[in-house]
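In: 3D, please:
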Amino acid sequence: MQVRGLLLLLALILLAATAEAGKNKKEKVKKDGSECEDWRWGPCVPNSKDCGVGYREGTCKDESKKLKCKIPCNWKKKFGADCKYKFESWGGCSAQTGVKTRSGILKKALYNAQCEEIVYVTKPCSSKIKSKSKGES
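Out: This is a model prediction of the structure:
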């Protein structure tokens, strides 16, 4: 009987400690958070060069914040890091221009970024002719 009582007491203590830890976590979020809901965020500005880690500034009424952000160094800088597109396959090579083209449709605009709905990209045609693999005859 005493063992059962001891186990019950330990379970209650553990439950109380877990509830208190969760309560403290929620309070921290409220302290760091803001009551303002209409944040306006600027573009991600890298700390050096034109890519890498940087900061994005946001304002809401009389408050301002800075968030860490990152622009990948292989990113299509023309579109901005906050505009995400779904691209279709590359088209055929144009003999007149020597380039191939594909389009991308806007999938997501992060931080209320001003993005174009459809974008077009081009790249030079490959001068290499693909040969059959060694296993084929």
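In: And the strands in the chain?
Out: 40-41, 45-46, 52-60, 63-71, 83-87, 99-109, 118-124 (DSSP state E).
In: Sheet partners, orientation included, of the first one?
Out: Strands adjacent to strand 40-41 in the sheet, as given by DSSP bridges, are strand 52-60 (antiparallel).
In: which residues touch the partner strand?
Out: By Cβ atoms under 8 Å, 6 or more residues apart in numbering, the residues outside strand 52-60 that reach it are 34, 36-47, 64-71, 73, 111. Every C-beta, even on glycine, is put in place using the N, C-alpha and C of the backbone.
In: swap in stretch 85-97?
Out: Here stretch 85-97 has contacts from 79, 99-107, 119, 121, 123, 125-126, using Cβ under 8 Å, 6+ apart.
In: Between which two of the residues you listed is the distance greatest?
Out: Of all pairs drawn from the contacts of stretch 85-97, the greatest distance, 28.2 Å, lies between 106 and 126 (Cβ to Cβ).
In: in stretch 71-91, what counts as buried?
Out: Within stretch 71-91, the residues that count as buried by 16 or more other Cβ atoms under 10 Å are 71, 79, 80, 81, 82, 83, 85.
In: Also stretch 57-65?
Out: Across stretch 57-65, burial judged by 16+ other Cβ under 10 Å covers residue 58.
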